[in-house]
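Undergrad: missing the sequence, but the structure's below:
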């Protein structure tokens, strides 16, 4: 029988009523003839509670114990979902990560999936089981210990199962009804997309449209897993939600698919650093070692052999970055005149695979912002994305103006 | 190094402070030179919460899913205890049942321990680990699924580990400071016993003195594991609590060691069943298949080839028993006139190995109850125990009167 993977996030299984509602959705797909693999998250709030216990017990915790503790939330949901399905007369059973076994690396708390053998589950499907409910976000390492994939790892689990079992589709049930052209809380005209290309979704996800975990989209793209995002709180048809798929499957689309933003960005500028080969590697190597996720980077034109180096990063990493660079300066590893920090910036991006074949998108974007009096501080571009750093107070205005200008409220 | 097993129940690990307190006790034993195996229960309230989820989801649940869900509470505590010990610089790690692996039968929710291989833990002890924190109450079946030992199974886990590893002693930390002649909440004169024989403890435990699970005492008796019950809420010396041991180790004792009770009992009477060979086997086979734990059984004198059959059971199993018998009647498997149910009875028992050599204990017990106007509904006796079923409203009175009459407040 064809296999379907369905993933339910924390808010979709937040209590027993919601688990029942999710189980009904699963029942609909079983009735259509699918063997279903259901991936579940912990009931919302549970993981945070467990993480809180760990943090209070041991600030610099043993990640192996962290994983053993935190993974228990998913196990509870998996069992409850299996029981709920059984009550509906759907043959189902739960699987914890180590039972599948979903094999991972030993990088506890951020393990990567190495292998998902299909024989155990397929044997049970062969015996009449119609639904395998799998605890998301966890697997087992070579040493036989529980390893988690990091927060949001349940999406990745779902896509990995879909790839391993050759699933027809991987449906991600969440608390939004799909992927929008931008955040509807900021722009009332935001429109739900019926389809979006993997590449676009990747840019939107990593830029702050928190619908899907980036890794899960990467994985789906690599293994050509059709991914559908839809709401677990509405009655659903086969065409509901947003399908994330190969760009070949999208007949026509707007040049720009969406406008993304990231509110809490900071901009750091190192004034007057030596402009010589290897200097960027020193600076960004130091920041990387300190665990700072640098995003946009701009280097000014050199003058008298010295230059300014500007980059953006999440505001909550500013302190860490500052400390690392100060230490580097003190130790003589780097010479600079001053470190200028601007913690009041946001990033706004337009994303679309149509930009590959159509020019003028950047120019139009800059004009729209200029017309609104928004000063652009940093620009970066890729094949399918243009991002700008602007003062945070203009963020909403910028998103709305760009949405209007590219007419994203209209179907392409 | 000598091995010590220490078990901490739910109230002893109810929150992070209590886990720290328990970890300190473990640290004291490690400092004395023991390799310690710590068995932990779920934080108090957690198991009930999970059981509540299961009951609400599926009244006649799949016990395999129940086990997968309910066992997660112990896993959380095990991880937190390991982290707490690590914070105290005690080398420790957690083990879930399947990691040991503690091998059980497939009788889910009431599995029995089949084997505890010692090689995994001993290898880690050999590498310098000083404490293995084991999630209690759970193991893994032949089919690779999690199986729990039933409520209170953490005591059994502790004793089984003590037997498997040849531990010097098995200390059960709980919220009482030892075993009493009766429940101090009911009888103010109740006295803590320094020592009690396995057999006596067995009768007290199975009759409702909820200090130790019956199976754990049986297991300790079989493998001669010295069992100590003591409080996790007091500073402890080596002589604290109550030692449960072979009767040879107890120099002298009262004829009656204690008065036990079980509050929530029910009495069922099948009126007018055929008095023929095999009828008891049909009735109690049916109840056993339905998972009903029948306790006391009385069969009336036969009249016209028909008789009445009376038995006691826990009140929460009444519904199940009723359903099973009704179905049996409907299917023609059993003929009876009526099923009379009395859900307002309690059981009171006097227990003591001294009863083996001294007569008149039963007569004295019945006289005491008669003097207080308590009507006895059912009586059963064993070598070291006499039990009666009485109206629940007389339960406290009966316990107090018997404690007085046998002078249990005095050291024997």
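TA: Received it, and whenever you're ready, just let me know what you need. In this text the structure is predicted, and so the values were computed from the model without any measurement.
Undergrad: Skipping adjacent residues, who's closest to the residue positioned nearest the centre of chain A in space?
TA: Nearest to the mean C-alpha position of chain A, by Cα atoms, centre = their mean, lies residue A:213 at 2.3 Å. Once flanking residues are discounted, residue A:213 sits nearest to residue A:152: 3.7 Å by Cβ to Cβ, 6 or more residues apart in numbering or on different chains. Glycine gets a C-beta too; all of them are placed from N, C-alpha and C.
Undergrad: Touching, the one you found and residue A:211? I think so.
TA: No. Residue A:152 is beyond contact range of residue A:211, at 10.6 Å (criterion: Cβ atoms under 8 Å).
Undergrad: tell me the SS of residue A:7?
TA: The three-state assignment at residue A:7 reads strand, by DSSP: H, G, I helix; E, B strand; the rest coil.
Undergrad: Quick check on the nearest residue in space to it that is not next to it in sequence: phi, psi?
TA: Distances taken as Cβ to Cβ, 6+ apart place residue A:158 nearest to residue A:7, at 3.7 Å, with adjacent residues excluded. As for residue A:158, its main-chain torsions (degrees, to the nearest 10) stand at phi -60, psi -50.
Undergrad: Scan chain A for its longest strand.
TA: The longest strand of chain A (DSSP state E) is strand A:258-274.
Undergrad: Looking at stretch A:340-347 now, give me its mean pLDDT.
TA: When pLDDT is averaged over stretch A:340-347, the result is 96.
Undergrad: what's the burial count for the residue in the stretch 151-300 of chain A positioned nearest to chain B?
TA: Going by Cβ to the nearest Cβ, chain B is nearest to residue A:154 of the stretch 151-300 of chain A, at 16.4 Å. By the criterion of other Cβ atoms under 10 Å in any protein chain shown, residue A:154 has 27 neighbours.
Undergrad: That one contacts residue A:7, correct?
TA: Yes. Using Cβ under 8 Å, residue A:154 is in contact with residue A:7, at 6.1 Å.
Undergrad: what's the overlap in contacts for the two?
TA: A:39, A:40, A:41, A:136 (Cβ atoms under 8 Å, 6 or more residues apart in numbering or on different chains).
Undergrad: Is it possible to mark the buried ones in those residues?
TA: A:39, A:40, A:41, A:136 (16 or more other Cβ atoms under 10 Å in any protein chain shown).
Undergrad: nearest residue to the last one other than its sequence neighbours?
TA: Right, the one you point to is residue A:136. That would be residue A:154: by Cβ to Cβ, 6+ apart, it lies 3.0 Å from residue A:136.
Undergrad: same deal with the second one?
TA: Nearest in space to residue A:40, with sequence neighbours left out and distances taken as Cβ to Cβ, 6+ apart, is residue A:77 at 4.3 Å.
Undergrad: Could you pull up the contacting residues of the one you found?
TA: Contacts of residue A:77 by Cβ under 8 Å, 6+ apart are A:13, A:19, A:40, A:41, A:42, A:43, A:135.
Undergrad: What's the separation between the residue nearest to residue A:7 and residue B:135?
TA: Using Cβ to Cβ, to the nearest Å, residue A:158 is found at 28 Å from residue B:135.
Undergrad: Which of these two has more residues huddled nearby?
TA: A count of neighbours by other Cβ under 10 Å puts residue A:158 above the other of residue A:158 and residue B:135, at 35 against 32.
Undergrad: what helix or strand is the closest residue to residue A:225 other than its chain neighbours on?
TA: Nearest residue to residue A:225, sequence neighbours excluded (Cβ to Cβ, 6+ apart): residue A:162, at 4.5 Å. Using DSSP states H and E, residue A:162 sits in helix A:153-164.
Undergrad: The helix or strand following that helix - contacts with which helices or strands?
TA: Using DSSP H and E, the helix or strand that follows helix A:153-164 in sequence is strand A:169-174. Here strand A:169-174 touches strand A:3-8, helix A:153-164, strand A:227-231, going by 3 or more Cβ pairs under 8 Å, 6 or more residues apart in numbering or on different chains; DSSP states H and E.
Undergrad: Residues in contact with the longest one: which ones?
TA: When contacts are defined by Cβ under 8 Å, 6+ apart, helix A:153-164 is touched by residues A:3, A:5-7, A:9, A:37, A:39-41, A:74, A:102, A:113, A:116, A:118, A:134, A:136-138, A:149, A:167, A:169-170, A:172, A:212-213, A:215-217, A:219-220, A:223, A:225, A:227.
Undergrad: Can you flag the buried ones in the residues you listed?
TA: With neighbours counted by 16+ other Cβ under 10 Å, the contacts of helix A:153-164 contain buried members at A:3, A:5-7, A:9, A:37, A:39-41, A:74, A:102, A:113, A:116, A:134, A:136-138, A:149, A:167, A:169-170, A:172, A:212-213, A:215-217, A:219-220, A:225, A:227.
Undergrad: doesn't residue A:217 make contact with residue A:201?
TA: Yes. Counting by Cβ under 8 Å, residue A:201 touches residue A:217, with 5.0 Å between them.
Undergrad: tell me what the worst-scoring helix or strand of chain A on mean pLDDT is packed against?
TA: Ranked by mean pLDDT, DSSP states H and E, the weakest helix or strand in chain A is helix A:198-206, scoring a mean of 84. In terms of contacts (3+ Cβ pairs under 8 Å, 6+ apart), helix A:198-206 is packed against helix A:214-222, strand A:242-245, strand A:258-274, strand A:338-351.
Undergrad: Any idea how far that helix is from the middle of the chain?
TA: Here helix A:198-206 is found 8 Å from its chain centre; the criterion is Cα atoms, centre = their mean, to the nearest Å.
Undergrad: What are the contacting residues of that helix?
TA: By Cβ under 8 Å, 6+ apart, helix A:198-206 touches A:179, A:196, A:211-214, A:217-218, A:220-221, A:227, A:244-247, A:257-258, A:260, A:349, A:351-353, A:382, A:384-385.
Undergrad: next one: stretch A:63-71
TA: A:47, A:50-51, A:53-54, A:58, A:96-97, A:108-109, A:111, A:135, A:137-138, A:145-148, B:75-76, B:78-80, B:82-83, B:86, B:93-94, B:96.
Undergrad: ok, back up a step: and the helix holding residue A:162 with helix A:214-222, angle?
TA: Helix A:153-164 runs at 10 degrees relative to helix A:214-222, counting by axes from the mean of the first three to the mean of the last three Cα atoms, to 10 degrees.
Undergrad: related to what we said a few turns ago, if I look at residue A:201 and residue A:217, which residues touch both of them?
TA: Common contacts of residue A:201 and residue A:217 (Cβ under 8 Å, 6+ apart): A:227, A:244.
Undergrad: And the helix holding residue A:162, what's buried?
TA: Those would be A:153, A:154, A:155, A:156, A:157, A:158, A:159, A:160, A:161, A:162, A:163, A:164, for helix A:153-164 by 16+ other Cβ under 10 Å.
Undergrad: Any chance of JSON lines for the residues you listed, columns pLDDT?
TA: As requested, the buried residues of helix A:153-164 are exported to JSON lines (pLDDT from 0 to 100):
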{"residue": "A:153", "pLDDT": "90"}
{"residue": "A:154", "pLDDT": "93"}
{"residue": "A:155", "pLDDT": "94"}
{"residue": "A:156", "pLDDT": "94"}
{"residue": "A:157", "pLDDT": "97"}
{"residue": "A:158", "pLDDT": "97"}
{"residue": "A:159", "pLDDT": "97"}
{"residue": "A:160", "pLDDT": "97"}
{"residue": "A:161", "pLDDT": "98"}
{"residue": "A:162", "pLDDT": "98"}
{"residue": "A:163", "pLDDT": "97"}
{"residue": "A:164", "pLDDT": "97"}
